[in-house]
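Chemist: Quick one: sequence plus predicted model below, questions after.
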Amino acid sequence: MRRTDIPATKSNLLRLKEHFGFVKSGHELLDQKREILLEELLDVYRESAQARQALDAALRRLYEQLQAAMLASGRAAVESEALAAQTTIHLRLRERSIMGVVVPLLEADLDDAAGPAAAPGWGSVAAAFAARQVRELLPMAVRVAEIEISCRRLATELQKTRRKVNALEHIFLPEYRDTIHFIESTLEEKERESLFQMKRFKGRRRSQTDEATQ
(Lines give C-alpha, C1' and ligand atoms only; values in the text may rest on other atoms or scores of the structure.)
Protein backbone atom coordinates (compact mmCIF):
# COMPACT_ATOMS: atom_id res chain seq x y z
CA MET A 1 0.00 0.00 0.00
CA ARG A 2 1.41 3.39 -0.97
CA ARG A 3 0.83 5.95 1.74
CA THR A 4 2.59 8.84 3.39
CA ASP A 5 3.88 8.30 6.92
CA ILE A 6 1.84 10.76 9.01
CA PRO A 7 0.04 10.30 12.35
CA ALA A 8 -3.50 8.93 12.09
CA THR A 9 -5.48 11.82 13.56
CA LYS A 10 -8.76 13.47 12.63
CA SER A 11 -7.03 16.80 11.93
CA ASN A 12 -4.58 15.10 9.56
CA LEU A 13 -7.48 13.28 7.89
CA LEU A 14 -9.34 16.55 7.27
CA ARG A 15 -6.19 18.22 5.98
CA LEU A 16 -5.44 15.30 3.65
CA LYS A 17 -8.96 15.29 2.24
CA GLU A 18 -8.69 19.01 1.54
CA HIS A 19 -5.31 18.58 -0.18
CA PHE A 20 -6.65 15.60 -2.10
CA GLY A 21 -9.42 17.80 -3.50
CA PHE A 22 -6.86 20.39 -4.66
CA VAL A 23 -4.63 17.73 -6.23
CA LYS A 24 -7.60 16.12 -7.97
CA SER A 25 -8.71 19.49 -9.38
CA GLY A 26 -5.14 20.16 -10.55
CA HIS A 27 -5.05 16.78 -12.25
CA GLU A 28 -8.29 17.52 -14.10
CA LEU A 29 -7.03 20.93 -15.25
CA LEU A 30 -3.71 19.50 -16.42
CA ASP A 31 -5.52 16.71 -18.26
CA GLN A 32 -7.65 19.31 -20.06
CA LYS A 33 -4.51 21.29 -20.90
CA ARG A 34 -2.91 18.11 -22.26
CA GLU A 35 -5.87 17.49 -24.58
CA ILE A 36 -5.91 21.08 -25.84
CA LEU A 37 -2.14 21.08 -26.42
CA LEU A 38 -2.43 17.82 -28.33
CA GLU A 39 -5.14 19.26 -30.59
CA GLU A 40 -3.13 22.44 -31.17
CA LEU A 41 0.02 20.43 -31.88
CA LEU A 42 -1.77 18.24 -34.43
CA ASP A 43 -3.14 21.33 -36.20
CA VAL A 44 0.27 23.03 -36.26
CA TYR A 45 1.96 19.79 -37.37
CA ARG A 46 -0.42 19.42 -40.34
CA GLU A 47 0.17 23.07 -41.27
CA SER A 48 3.93 22.53 -40.91
CA ALA A 49 3.86 19.53 -43.24
CA GLN A 50 1.98 21.49 -45.91
CA ALA A 51 4.23 24.55 -45.58
CA ARG A 52 7.38 22.44 -45.69
CA GLN A 53 6.12 20.60 -48.79
CA ALA A 54 5.41 23.89 -50.56
CA LEU A 55 8.83 25.26 -49.57
CA ASP A 56 10.62 22.12 -50.83
CA ALA A 57 8.80 22.39 -54.15
CA ALA A 58 9.78 26.07 -54.45
CA LEU A 59 13.41 25.21 -53.64
CA ARG A 60 13.46 22.55 -56.35
CA ARG A 61 12.14 25.06 -58.92
CA LEU A 62 14.72 27.59 -57.78
CA TYR A 63 17.53 25.07 -58.12
CA GLU A 64 16.40 24.24 -61.66
CA GLN A 65 16.38 27.92 -62.58
CA LEU A 66 19.83 28.45 -61.10
CA GLN A 67 21.15 25.54 -63.14
CA ALA A 68 19.58 27.03 -66.28
CA ALA A 69 21.07 30.45 -65.48
CA MET A 70 24.56 29.02 -65.00
CA LEU A 71 24.27 27.09 -68.27
CA ALA A 72 23.17 30.27 -70.07
CA SER A 73 25.55 32.83 -68.53
CA GLY A 74 28.18 30.86 -66.67
CA ARG A 75 28.70 30.39 -62.95
CA ALA A 76 30.83 33.53 -62.49
CA ALA A 77 28.22 35.80 -64.08
CA VAL A 78 25.41 34.39 -61.96
CA GLU A 79 27.48 34.77 -58.79
CA SER A 80 28.35 38.37 -59.69
CA GLU A 81 24.69 39.15 -60.29
CA ALA A 82 23.76 37.58 -56.95
CA LEU A 83 26.44 39.57 -55.09
CA ALA A 84 25.18 42.77 -56.67
CA ALA A 85 21.67 42.29 -55.28
CA GLN A 86 20.55 45.23 -53.14
CA THR A 87 17.52 43.67 -51.46
CA THR A 88 17.28 44.16 -47.69
CA ILE A 89 15.23 41.83 -45.50
CA HIS A 90 13.42 43.25 -42.47
CA LEU A 91 12.30 40.59 -40.02
CA ARG A 92 9.77 41.47 -37.31
CA LEU A 93 9.16 39.21 -34.34
CA ARG A 94 6.00 39.18 -32.28
CA GLU A 95 4.71 36.53 -29.89
CA ARG A 96 1.46 34.92 -28.86
CA SER A 97 0.52 32.42 -26.18
CA ILE A 98 -1.16 29.04 -26.63
CA MET A 99 -2.12 27.56 -23.24
CA GLY A 100 0.86 29.34 -21.68
CA VAL A 101 3.25 28.34 -24.48
CA VAL A 102 4.88 31.36 -26.12
CA VAL A 103 5.15 30.89 -29.89
CA PRO A 104 6.64 33.33 -32.43
CA LEU A 105 4.88 35.38 -35.09
CA LEU A 106 7.39 36.30 -37.80
CA GLU A 107 6.94 38.81 -40.60
CA ALA A 108 9.47 39.37 -43.37
CA ASP A 109 9.54 42.51 -45.55
CA LEU A 110 11.81 42.86 -48.58
CA ASP A 111 13.15 46.32 -49.34
CA ASP A 112 14.20 46.97 -52.94
CA ALA A 113 14.66 50.72 -52.54
CA ALA A 114 18.08 50.57 -54.15
CA GLY A 115 16.59 49.27 -57.40
CA PRO A 116 17.41 46.18 -59.43
CA ALA A 117 20.84 44.59 -59.19
CA ALA A 118 21.38 44.59 -62.95
CA ALA A 119 20.54 46.97 -65.75
CA PRO A 120 17.75 46.04 -68.16
CA GLY A 121 18.98 43.60 -70.78
CA TRP A 122 21.98 42.57 -68.71
CA GLY A 123 22.02 39.00 -67.41
CA SER A 124 20.03 35.96 -68.43
CA VAL A 125 16.26 35.51 -68.26
CA ALA A 126 16.79 32.41 -66.12
CA ALA A 127 18.82 34.42 -63.60
CA ALA A 128 16.12 37.10 -63.40
CA PHE A 129 13.48 34.42 -62.91
CA ALA A 130 15.57 32.77 -60.18
CA ALA A 131 15.96 36.13 -58.41
CA ARG A 132 12.18 36.61 -58.49
CA GLN A 133 11.71 33.11 -57.09
CA VAL A 134 14.10 33.90 -54.23
CA ARG A 135 11.94 36.89 -53.32
CA GLU A 136 8.83 34.71 -53.31
CA LEU A 137 10.59 31.95 -51.40
CA LEU A 138 11.88 34.01 -48.46
CA PRO A 139 8.45 34.66 -46.85
CA MET A 140 7.67 30.97 -47.26
CA ALA A 141 10.91 30.05 -45.46
CA VAL A 142 10.09 32.49 -42.65
CA ARG A 143 6.63 30.98 -42.31
CA VAL A 144 8.06 27.45 -42.14
CA ALA A 145 10.49 28.57 -39.42
CA GLU A 146 7.64 30.14 -37.45
CA ILE A 147 5.47 27.02 -37.66
CA GLU A 148 8.26 24.55 -36.89
CA ILE A 149 9.43 26.54 -33.85
CA SER A 150 5.83 26.61 -32.62
CA CYS A 151 5.57 22.88 -33.21
CA ARG A 152 8.70 22.14 -31.17
CA ARG A 153 7.63 24.36 -28.28
CA LEU A 154 4.14 22.87 -28.17
CA ALA A 155 5.60 19.34 -28.27
CA THR A 156 7.97 20.16 -25.39
CA GLU A 157 5.15 21.60 -23.28
CA LEU A 158 2.91 18.63 -24.11
CA GLN A 159 5.62 16.23 -22.93
CA LYS A 160 6.02 18.16 -19.65
CA THR A 161 2.25 18.22 -19.11
CA ARG A 162 1.98 14.49 -19.78
CA ARG A 163 4.67 13.78 -17.18
CA LYS A 164 2.81 15.89 -14.61
CA VAL A 165 -0.51 14.20 -15.39
CA ASN A 166 1.06 10.75 -15.13
CA ALA A 167 2.80 11.63 -11.85
CA LEU A 168 -0.45 12.87 -10.32
CA GLU A 169 -2.47 9.95 -11.69
CA HIS A 170 -0.07 7.13 -10.82
CA ILE A 171 1.83 8.43 -7.78
CA PHE A 172 0.32 11.33 -5.85
CA LEU A 173 -3.41 10.58 -6.14
CA PRO A 174 -2.96 6.88 -5.17
CA GLU A 175 -0.78 7.95 -2.22
CA TYR A 176 -3.47 10.34 -1.01
CA ARG A 177 -6.21 7.72 -1.44
CA ASP A 178 -4.24 5.03 0.38
CA THR A 179 -3.22 7.36 3.18
CA ILE A 180 -6.80 8.60 3.68
CA HIS A 181 -8.07 5.01 3.67
CA PHE A 182 -5.37 3.98 6.18
CA ILE A 183 -6.15 6.86 8.57
CA GLU A 184 -9.91 6.25 8.31
CA SER A 185 -9.40 2.54 9.06
CA THR A 186 -7.07 3.33 11.97
CA LEU A 187 -9.51 5.86 13.46
CA GLU A 188 -12.41 3.42 13.08
CA GLU A 189 -10.40 0.72 14.82
CA LYS A 190 -9.49 3.10 17.65
CA GLU A 191 -13.15 4.09 17.95
CA ARG A 192 -14.20 0.43 18.19
CA GLU A 193 -11.56 -0.18 20.85
CA SER A 194 -12.76 2.85 22.79
CA LEU A 195 -16.38 1.64 22.64
CA PHE A 196 -15.30 -1.83 23.74
CA GLN A 197 -13.35 -0.38 26.68
CA MET A 198 -16.32 1.79 27.68
CA LYS A 199 -18.64 -1.22 27.60
CA ARG A 200 -16.21 -3.23 29.72
CA PHE A 201 -15.89 -0.34 32.16
CA LYS A 202 -19.67 0.06 32.42
CA GLY A 203 -20.03 -3.69 32.90
CA ARG A 204 -17.55 -3.66 35.76
CA ARG A 205 -19.24 -0.69 37.41
CA ARG A 206 -22.61 -2.42 37.12
CA SER A 207 -21.17 -5.59 38.66
CA GLN A 208 -19.60 -3.62 41.51
CA THR A 209 -22.89 -1.79 42.13
CA ASP A 210 -24.85 -5.06 42.19
CA GLU A 211 -22.38 -6.59 44.64
CA ALA A 212 -22.59 -3.56 46.88
CA THR A 213 -26.41 -3.72 47.05
CA GLN A 214 -26.48 -7.39 48.00
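Modeler: Happy to help now that I have it.
Chemist: Contact partners for residue 136?
Modeler: Residue 136 is in contact with residue 58, counting by Cβ atoms under 8 Å, 6 or more residues apart in numbering. Using the backbone N, CA and C atoms, a C-beta is placed for each residue, glycine as well.
Chemist: what does residue 40 give?
Modeler: By Cβ under 8 Å, 6+ apart, the neighbours of residue 40 are 98, 99, 154.
Chemist: what's the spacing between the helix or strand where it lies and its chain's center?
Modeler: Applying DSSP states H and E as the criterion places residue 40 in helix 10-73. Remark: helix 10-73 is offset 7 Å from the chain centroid, using Cα atoms, centre = their mean, to the nearest Å.
Chemist: which secondary structure element contains the residue nearest the centre of the chain?
Modeler: By Cα atoms, centre = their mean, the chain has its centre lying nearest to residue 157, at 2.2 Å. Using DSSP H and E, residue 157 sits within helix 125-167.
Chemist: so how far is that helix off the chain centroid?
Modeler: 16 Å.
Chemist: and that helix, what's its mean pLDDT?
Modeler: Mean pLDDT, helix 125-167: 89.
Chemist: One more: stretch 68-78?
Modeler: pLDDT averaged over stretch 68-78 gives 79.
Chemist: same thing with stretch 197-214?
Modeler: In the prediction, stretch 197-214 has an average pLDDT of 68.
Chemist: For the remainder of this discussion, apply numbering that starts at 165.
Modeler: All set: I'll call the first residue 165, so the last point we hit is now stretch 361-378.
Chemist: quick check, residue 261 in a helix?
Modeler: No: counting by DSSP: H, G, I helix; E, B strand; the rest coil, residue 261 is located in no helix; its state is strand.
Chemist: Can you tell me how far it is from residue 323?
Modeler: 18 Å (Cβ to Cβ, to the nearest Å).
Chemist: same check, this time on residue 358
Modeler: Residue 358 is 51 Å from residue 323, by Cβ to Cβ.
Chemist: do residue 224 as well
Modeler: For residue 224, the distance to residue 323 - Cβ to Cβ - is 34 Å.
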